[in-house]
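Colleague: I'd like to go over a predicted model; first the sequence, then the structure.
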Amino acid sequence: KAGVTQTPRYLIKTRGQQVTLSCSPISGHRSVSWYQQTPGQGLQFLFEYFSETQRNKGNFPGRFSGRQFSNSRSEMNVSTLELGDSALYLCASSLGWGSGNTIYFGEGSWLTVV
Amino acid sequence: GESVGLHLPTLSVQEGDNSIINCAYSNSASDYFIWYKQESGKGPQFIIDIRSNMDKRQGQRVTVLLNKTVKHLSLQIAATQPGDSAVYFCAETPDMEYGNKLVFGAGTILRVKS
């Protein structure tokens, strides 16, 4: 059974550009969450989608957005990139929505903003 | 604000010894806790979880203990091996209202000496 798949794995962008990251959850999983990981802030929750609806959102500016498709695949977008957006972006999936669902992470997308 | 903190940033153990990684959480309403292992360049890997209605759960070579009275979580690794070297994170789900949102601790580096 394939795990959570994220693409691309590595990318370099210039300040002011925008980026789209993709995530395919484990087959059968309907909840997808996104996290940002940096050395200074650690792992921080961005948002969660379930059944194509955003269910939770973390404390990030509106430049960070996401969506989920009917096949549960998800994308996140960051517009007007800043140097501080350089981070590892992690996607996680779980079977359902609600506390107690085991949450599995992908390998992440490494974003460098120059 | 929400926080899950770790007492020790780095733990060094001899191969074959047992390791204990500690975590303090601040939200008494949290009802689900997970330990993750993250190796360099990879995403967090699920190790073991525990619900708030339990105080102990065992897996293969790992045990998680939960003390709700003092809001403390620990991960015990038996017969630590070089492959256990990684960063270990505890995470909590605040409560049902937050769905699958995880609040992560800062992480503990585990170094296994051969």
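Modeller: On my side now, so go ahead. Residues are numbered from 1 along each chain as shown, chains lettered A, B, ... in the order given.
Colleague: and chain A, which residues reach chain B?
Modeller: For chain A, the residues in contact with chain B (C-beta under 8 Å from any C-beta of the partner chain) are A:4, A:31, A:33, A:35, A:42-45, A:48, A:50, A:55-56, A:58, A:90, A:92, A:94, A:97-108. (C-beta placed from N, C-alpha, C; glycine too.)
Colleague: buried ones among the residues you listed?
Modeller: A:4, A:31, A:33, A:35, A:43-45, A:48, A:50, A:55-56, A:58, A:90, A:92, A:94, A:97-99, A:101, A:103-108 (16 or more other C-beta atoms under 10 Å in any protein chain shown).
Colleague: just the ones of these in helices?
Modeller: Secondary structure from DSSP state H places none of those in helices.
Colleague: tell me the strands beside the helix or strand of chain A with the lowest mean pLDDT, with direction?
Modeller: Ranked by mean pLDDT, DSSP states H and E, the weakest helix or strand in chain A is strand A:53-57, scoring a mean of 92. Strand A:53-57 has the following strand partners under DSSP bridges: strand A:42-50 (antiparallel).
Colleague: ok, residues contacting the partner strand?
Modeller: Strand A:42-50 is contacted from outside by A:30-38, A:54-60, A:64, A:66-68, A:74, A:76, A:89-90, A:96-97, B:44, B:89, B:91, B:99-107, using C-beta atoms under 8 Å, 6 or more residues apart in numbering or on different chains.
Colleague: ok, stretch A:8-15 next?
Modeller: Contacts of stretch A:8-15 (C-beta under 8 Å, 6+ apart): A:19, A:21-22, A:81-83, A:107-114.
Colleague: list the buried residues for that stretch?
Modeller: Neighbour-count burial for stretch A:8-15 flags residue A:13 (criterion: 16+ other C-beta under 10 Å).
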